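Colleague: mind looking at a prediction? Sequence and model below.
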Amino acid sequence: MPASRQIRLHSAGYRCRILTLAVVAWLVSASASAADSLPSITADALELAVASQQASVPERPALYVGSTLKGAVLRDVRVWIDRQPVVRYQFSEAQARALNAGGLWRLAVLPGDGAAHHLVAEFRASQDDGQLQHQLIVAQLDRSLVGGAGVAQMLVIGGGGLLHHADLALASVGSDALAREADTLLAGGEPFAAAVRYALAPGVDPLRVQAARAALGLVAADAPTVPLLSQFNAVLAAGGDVDAGLKQVADGSAVRDVGLSVKDLANVTRGYRALRAGQHDEATTAFRAVRSPGPYSNAALLGLGWTYLVPHRGLVAAADIPLRPSGADAVAQARRASPFRYLQAVAEGAHADDVRAALVPWVELIGRDPLDPAVQEGMLVVPYALDHVGAHRQALDYYSRAVQKLEAARTTLKQAAADVDGGRELGDVDARDADARSGWSRQLVERRDDQLAVPVRSLIDAPAVAAALHDYRQLQEIDRVLSADEDRLDASGADLRARISALRRRVAMARDASAAQARAAMHDELARLDRQTSVYLAEAEFAIARLYDRAPHGDGS
């Protein structure tokens, strides 16, 4: 085991995420050079989708859900009609915030027979307090529903203070339902479907239409999240009072998911800077403000554990410290940056309590994505902490588990490379984008019940992969909408059906080109992840060897 564990910022990984967020602004110009560019296909598809939906057979009335919750966000909704389960939908953070801002979500179609039906609906919501753990509340509606042709209904979720009162009511939907539904679709990462609904809705604010078209690359982006990202990059580049600048970005308002991600990134960066400076309270506040699940929740859990081990003195060294120092100077530097001065020090009293407190978020962390560098680091800091409270046997067990998990991760990477060639990785993306049960699937974020997406989530951090996947996913969304439109057209829509069929062939050709680019970029990223995992595997094996060869170096900490 090295003389100490370092607190790593994983700056390369974070910079990669920054580029992933910023790459959207570059996509339009990169795509425009193609003969049949993505903006050209998107513009034609939007015009055709609007025309076909205007001409298609009217749908049965819809059941929507809306929210007036204050200080809380909707997590999921379940609906039963005549005792039969109709739908259960889990809302992403971005979708839930869009609902609170006035958006709607279409849950299901209603019976249009004019008869009375038994409706049961249930929702779960949680406090919107920025904590990593949330307290849930459940409310239920049980009433009679009369199905009538063309009459849409809305479940309205609202109430006062979440812990004191929450309710679920049923109301009629107004003429702005399509525009409000489009707001939630746009926030949830379905800009093409949103743009179609905006075009069909009467009297829509042009700024909302502009936002959807910008997300599709049809016009220059002018979303409120772009200045937020630019501000984050400017803060890091300018120097000076970086902490104040990061706090300003973290406190900035943003509804779109990319804006929330920038806020999380600012909080994680701010937390690690405070941790190095020994600002315990500031670091704890910053890490706890990061959303979970989310792209930075793993890094936040890792940092939150370190706040207990270095509560007030911080880290002396700002640069990365070698994991296996070579030479006396490097060893001394590593020890000065460590919570423990000696390799075999055993904490006592309040210090031991701090170590045990650090284990709480770290044990939560190591059950997550084994390809995430924060999780891999967690696999090593858990036994590091156990060793320093005298739990040497448990430390050895956790190091052994780390070796097993990291070896399994390398096997996963090898299989992922084969899956990329076989089309499974892009198939996983397709399945999640088309998931009618969850808005989280489309975000490709960490979920305990979604282990198949682990390689995909790890790959999309690479800017080259993100760029190709952006085009690929947009083309797939266009094709899904056009396919549904084609199915809804009756015999009178033969001309529109032929035009849709021709456009879908253009979409397929462009999609194949984007898929080939994505596969090439994925292979490059898989090779990088394998190198990273190999480093952590070697470190875990080295730590086991040190535990078997223990020699006293002191009795303090």
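Modeller: All right, it came through fine.

Colleague: switch to C-alpha atoms for all contacts and neighbour counts from now on
Modeller: Fine.

Colleague: residues in contact with residue 523?
Modeller: Taking C-alpha atoms under 8 Å, 6 or more residues apart in numbering, we find residue 523 in contact with 417, 420.

Colleague: now the one 10 residues further on
Modeller: Each residue near residue 533 by C-alpha under 8 Å, 6+ apart is listed here: 371, 376, 406, 409-410.

Colleague: give me the longest helix you can find in the protein.
Modeller: Looking across the chain with DSSP state H, the single longest helix is helix 494-548.

Colleague: run the chain-centre distance for that helix.
Modeller: 17 Å (C-alpha atoms, centre = their mean, to the nearest Å).

Colleague: let me see the mean pLDDT of that helix.
Modeller: Averaged over helix 494-548, pLDDT sits at 91.

Colleague: residue 304 and residue 362, how far apart?
Modeller: 8 Å (C-alpha to C-alpha, to the nearest Å).

Colleague: give me the element residue 63 is part of.
Modeller: If you go by DSSP states H and E, residue 63 is part of strand 62-67.

Colleague: could you dump that strand to CSV, C-alpha only?
Modeller: C-alpha atoms of strand 62-67 as CSV (Å, rounded to 0.1, in the frame of the first residue of the first chain):
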residue,chain,number,x,y,z
ALA,A,62,-55.4,11.9,-23.0
LEU,A,63,-54.7,11.8,-19.3
TYR,A,64,-52.0,14.3,-18.3
VAL,A,65,-50.2,15.1,-15.1
GLY,A,66,-49.2,18.5,-13.8
SER,A,67,-47.7,19.8,-10.6
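
Colleague: partners of it, with directions?
Modeller: strand 105-109 (antiparallel), strand 153-158 (parallel) (DSSP bridges).

Colleague: ok now whichever helix or strand comes after the first one, how far from the chain's centre?
Modeller: Secondary structure here is assigned by DSSP H and E; on that basis, the next helix or strand after strand 105-109 toward the C-terminus is strand 116-127. Between the centre of strand 116-127 and the centre of its chain there are 26 Å (C-alpha atoms, centre = their mean).

Colleague: in the stretch 51-200 of the chain, which spans are strands?
Modeller: For the stretch 51-200 of the chain, the strands defined by DSSP state E, counting those that start in this stretch cover 62-67, 72-81, 84-90, 105-109, 116-127, 136-146, 153-158, 167-172.

Colleague: would JSON lines of those with distance to residue 505 be doable?
Modeller: Below are these laid out as JSON lines (distance: least, C-alpha to C-alpha, whole Å):
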{"stretch": "strand 62-67", "distance to residue 505": "31"}
{"stretch": "strand 72-81", "distance to residue 505": "37"}
{"stretch": "strand 84-90", "distance to residue 505": "32"}
{"stretch": "strand 105-109", "distance to residue 505": "29"}
{"stretch": "strand 116-127", "distance to residue 505": "41"}
{"stretch": "strand 136-146", "distance to residue 505": "43"}
{"stretch": "strand 153-158", "distance to residue 505": "37"}
{"stretch": "strand 167-172", "distance to residue 505": "40"}
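
Colleague: where does the stretch 151-300 of the chain have low pLDDT?
Modeller: Low-confidence segments of the stretch 151-300 of the chain (pLDDT under 70): 159-166, 221-242, 245-246, 248-259.

Colleague: adding distance to residue 464, neighbour count and secondary structure, write the contacts of residue 533 out as JSON lines.
Modeller: As requested, the contacts of residue 533 are exported to JSON lines (distance: C-alpha to C-alpha, whole Å; neighbours: other C-alpha atoms under 10 Å; DSSP: H, G, I helix; E, B strand; the rest coil):
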{"residue": "371", "distance to residue 464": "18", "neighbour count": "23", "secondary structure": "coil"}
{"residue": "376", "distance to residue 464": "23", "neighbour count": "24", "secondary structure": "helix"}
{"residue": "406", "distance to residue 464": "25", "neighbour count": "24", "secondary structure": "helix"}
{"residue": "409", "distance to residue 464": "22", "neighbour count": "22", "secondary structure": "helix"}
{"residue": "410", "distance to residue 464": "22", "neighbour count": "21", "secondary structure": "helix"}
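
Colleague: can you list the residues you listed in a markdown table and add pLDDT?
Modeller: Formatted as a markdown table, these follow (pLDDT from 0 to 100):
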| residue | pLDDT |
| --- | --- |
| 371 | 85 |
| 376 | 91 |
| 406 | 95 |
| 409 | 91 |
| 410 | 93 |
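
Colleague: closest one of those to residue 538?
Modeller: residue 406 (9.6 Å; C-alpha to C-alpha).

Colleague: tell me the contacts of the residue lying closest to that closest one once chain neighbours are set aside?
Modeller: Closest residue to residue 406 apart from its sequence neighbours, by C-alpha to C-alpha, 6 or more residues apart in numbering: residue 537 at 5.8 Å. Residues near residue 537 by C-alpha under 8 Å, 6+ apart: 402-403, 406-407.

Colleague: and the strand holding residue 63, what's buried?
Modeller: 62-67 (16 or more other C-alpha atoms under 10 Å).

Colleague: for those, which one is nearest residue 145?
Modeller: Distances from residue 145 to the buried residues of strand 62-67, taken by C-alpha to C-alpha, are shortest for residue 63, at 11.0 Å.

Colleague: any idea what the closest one is bridged to?
Modeller: residue 108, residue 153.

Colleague: need the pLDDT of it.
Modeller: 92.
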